[in-house]
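Q: What follows is a predicted protein model with its sequence.
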Amino acid sequence: MFGVYFYLAVYVLLLLAVSYFVSTKQKDEDFLIGGRNRSGWQIMFSKFAGAIGAGYFITYTGFAYEYGTGVFAMLLGLLCGYLGFAYWAAPKIHKDSKKLKFYTMGDFVFSEPKNLFTLSLTNTISNIILFLWLLVGIIGGAKIVSDFGLMSYSMAVLWTVGVIMVYIYLAGYKAVIITDVIQSFVIFGLLAIVTYSVISSGSVSDILAAPT
């Protein structure tokens, strides 16, 4: 059990250290919008790491348990949607945002009708959605930590909120993308280990034949 606490502490301290290091070298544009010059592969890894959060982990595990292999149809739809957005919509949004200095979703929507109500409504809705996803991540992450027996659920919630508060204070968007790239490689490594352990525990046919 001590080993798990040690690795968890090293992981959190590494993220905070990278966030602090990047934050000391970034400007306001870097903090708010990543300098508007992040490469496509950095954004891809950041999106990947953000999507493999506790909320998605719990949600899609539940979907897989309930619907079995049918969940792959949903994942295929998500993949097609992401690709369409990345190669069709994102270049247009990026071009306008760089020219007109957008900072929020509301700024993008406001650029056409020039309606302040539309700007406020878009920002309010997007902030509510992002806050709810953050809340799901906090609750889901604390539940996973408590289920592994590392600490009680209430203590896990407090620790998770504390780490997130420090991380947000230090990081900024540029640092978030860089730490997301690091986390993506950690996720890929753990995924390889878990996949190997599942496959090596029995034949592929036995695994596919098991009840959902």
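A: Ah, there it is.
Q: Just list the residues touching the spatially most central residue of the chain, thanks.
A: Nearest residue to the geometric centre of the chain (Cα atoms, centre = their mean): Gly50, 1.1 Å. For Gly50, the contacting residues are Asp180, by Cβ atoms under 8 Å, 6 or more residues apart in numbering. Every C-beta, even on glycine, is put in place using the N, C-alpha and C of the backbone.
Q: Ok, Leu121 next?
A: Gly106.
Q: Find the helix or strand that it is a member of.
A: Counting by DSSP states H and E, the element that carries Leu121 is helix 116-147.
Q: From the chain's centroid, how far away is that helix?
A: From the chain centre to the centre of helix 116-147 is a distance of 12 Å (Cα atoms, centre = their mean, to the nearest Å).
Q: what packs against the strand or helix carrying Met165?
A: Assigned by DSSP H and E, Met165 falls within helix 153-170. If you count contacts as 3 or more Cβ pairs under 8 Å, 6 or more residues apart in numbering; DSSP states H and E, helix 153-170 packs onto helix 2-23, helix 116-147.
Q: ok, and what's touching it?
A: Counting by Cβ under 8 Å, 6+ apart, residues outside helix 153-170 touching it are 12, 15-16, 19-20, 23, 134, 138-139, 141-143, 145-146, 150-151.
Q: before we move on, the earlier item: state the three-state secondary structure for the residue nearest to the centre of the chain.
A: helix (DSSP: H, G, I helix; E, B strand; the rest coil).
Q: one step back: closest one to Ile178 among the helices and strands packed on helix 153-170?
A: helix 2-23 (5.6 Å; Cβ to Cβ).
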